[in-house]
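Participant: The following comprises the amino acid sequence and a computationally predicted model.
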Amino acid sequence: MKVASTNDVLAKIAINKSLLKEYSNSEYSRIVYMSDNSEFQIQIFNPYSYTFGVDITIDNKSLGNRLIVKPGERVWLERYFTEARKFKFSTYEVSGTNREVKEAIAKNGEIELRFYREDEPIGLQTTYIHNYIYQPYNYKLYSNDCFGSSINYCDANIGSLNAGISDATSVTSACYNNVLTSSLGLDELKKNDTPINASNKKILSKSIETGRVEKGSYSNQQFETLNINFEYWAFHTETIKILPESQKPIHKNDLQKQYCSNCGRKLNLKYKYCPYCGAKVDFCPNNKPQQKDYVIEKCPYCGRNVRSTMMECPHCGEILR
C-alpha cells in the first residue's frame, strides 16, 4: 500500500491531455509555460488505497467545490465547477515593475491544490461534514466546509453554487485593489516609494507579460453530487505556476538546434525534409518547439497518431499507459 509523501506529484497541467513539461526557478519549483488563449486541463491521479478530495484555488480564487478522486482514478478536470466553461490561460501586459504592480500580479496563473483524505471515523468524529456535493459524470465534487469561514448557498434547481458573504467580500476587495494598482502612476510612486528621478521613470516605462485563467469555450464535462466526510487537515498541497511563453528561458544549447515541427525530432541543420516523418523543415533558430517534449506514436487500439505524453487516446478514449 502506497504511503502519502510530501514528494508525491498528484496533479499536472496538460493541453489536449498531453502533459506539459515543468520547469523551476528561485521562486517556484513547478512552472509550465503557455501561449495566449490556451485551454488546458488539470490532471489529478490518486495512487493511494483511499479516496481523497481536492480543493483547487486558481489566481487566488477558490473553485468553490471539492473534487473527489477514488483509488487508482485519473481525472482530467477541464472546466469550472459552477459554469460549463473550460480553463483558458489569457495573457496581457502591465506597465512598470514597481512593488505595487508585482504585488498585484503575484498570484496570476497560480494553481494551488489541497488534498484531504476521506474520513473513516472510529469513535469521536473530528471532521467537517460536506453536505452539498457536485460532480461531472464520474467526477465527484464537494462544496466548501459547512463549518468553514465562508458560507455557500447551493441551488439544486439550476445546479450552481453562489458565493456567500465572505467570498463576495474577497472578490470586491480584489477588484478594488486591482483598480487602485492599475491607476498607480508617478504620484503614487512618489508617495509610497522613493523620490521621483530618472531611474524611477525608466522602471515605470518597462512592461511585462503576465496571464490569468479565464473562462474559455463550452465544456460538456458534467457533474453529480455526493455526500462524504473528510479529515480536517490537508495531507498534501501542491502549487503549479503558469507563465506566458514570452518568459520561458532560452538556453544557449538551443540556439543552433533544429527540430521538426511535425514530430519534434532533433534534426541536422542541413536537412530540408525530416527523415523521420517526411515533413518540410522550416529552420527557426532560438525557437525550440514544444513538440520536443514528446514523439508521435501509434495508438495500439485504434492505430491513429498520438503523442508519447498522452495517458489516454483522444480518438478512441482507451488508456495508453
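Facilitator: Sure thing, it's come through.
Participant: ok, the nearest residue to Cys313 once chain neighbours are set aside - how many residues close by?
Facilitator: Nearest non-adjacent residue to Cys313, counting by Cβ to Cβ, 6 or more residues apart in numbering: Cys299, 4.5 Å away. Backbone N, C-alpha and C define where each C-beta goes, glycine included. A total of 17 residues lie near Cys299 under the criterion other Cβ atoms under 10 Å.
Participant: Then Asn305?
Facilitator: Asn305 has 11 nearby residues by other Cβ under 10 Å.
Participant: same thing with Met34?
Facilitator: Around Met34 there are 24 residues (other Cβ under 10 Å).
Participant: So in terms of bridging, what pairs with it?
Facilitator: Pro244 (DSSP bridges).
Participant: ok, so what distance separates it from Glu120?
Facilitator: As judged by Cβ to Cβ, to the nearest Å, Met34 and Glu120 stand 39 Å apart.
Participant: Likewise for Tyr232?
Facilitator: 14 Å.
Participant: Tell me, what's the model's pLDDT at Arg307?
Facilitator: At Arg307, the model reports a pLDDT of 79.
Participant: residues in contact with the closest residue to it other than its chain neighbours?
Facilitator: Excluding its sequence neighbours, the residue lying closest to Arg307 (Cβ to Cβ, 6+ apart) is Tyr294, at 4.4 Å. Residues near Tyr294 by Cβ atoms under 8 Å, 6 or more residues apart in numbering: Ser18, Gly264, Arg307, Ser308, Thr309.
Participant: Where neighbours are concerned, which of those residues has the most?
Facilitator: Gly264 (21 neighbours).
Participant: sorry, back to before: out of the contacts of Tyr294, which two sit at the greatest distance?
Facilitator: Ser18 and Gly264 (11.3 Å; Cβ to Cβ).
Participant: Quick check: chain neighbours aside, which residue is closest to Val213?
Facilitator: Spatial nearest neighbour of Val213, excluding adjacent residues (Cβ to Cβ, 6+ apart): Ile58 at 4.9 Å.
Participant: Is that neighbour in contact with Glu110, as I believe?
Facilitator: Yes. Assessed by Cβ atoms under 8 Å, Ile58 is found in contact with Glu110 at 7.5 Å.
Participant: now the strands for the stretch 151-300 of the chain?
Facilitator: Using DSSP state E, counting those that start in this stretch, the strands of the stretch 151-300 of the chain run over residues 153-155, 160-162, 207-218, 224-225, 228-230, 236-244, 258-259, 266-267, 296-298.
Participant: Redo these as a markdown table? Include distance to Tyr273, mean neighbour count and mean pLDDT.
Facilitator: As requested, these are arranged in a markdown table below (distance: least, Cβ to Cβ, whole Å; neighbours: other Cβ atoms under 10 Å; pLDDT from 0 to 100):
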| stretch | distance to Tyr273 | mean neighbour count | mean pLDDT |
| --- | --- | --- | --- |
| strand 153-155 | 59 | 13 | 33 |
| strand 160-162 | 53 | 16 | 34 |
| strand 207-218 | 35 | 16 | 94 |
| strand 224-225 | 51 | 16 | 84 |
| strand 228-230 | 56 | 18 | 90 |
| strand 236-244 | 32 | 19 | 96 |
| strand 258-259 | 12 | 21 | 72 |
| strand 266-267 | 9 | 14 | 75 |
| strand 296-298 | 16 | 13 | 83 |
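Participant: And the ones you listed: which comes nearest Arg74?
Facilitator: Of all those, strand 236-244 comes closest under Cβ to Cβ, at 15.6 Å.
Participant: Need the contact partners of that closest one.
Facilitator: Residues contacting strand 236-244 (Cβ under 8 Å, 6+ apart): 4, 6, 8-13, 22, 28, 30-36, 40, 89, 91, 109-115, 209-211, 213.
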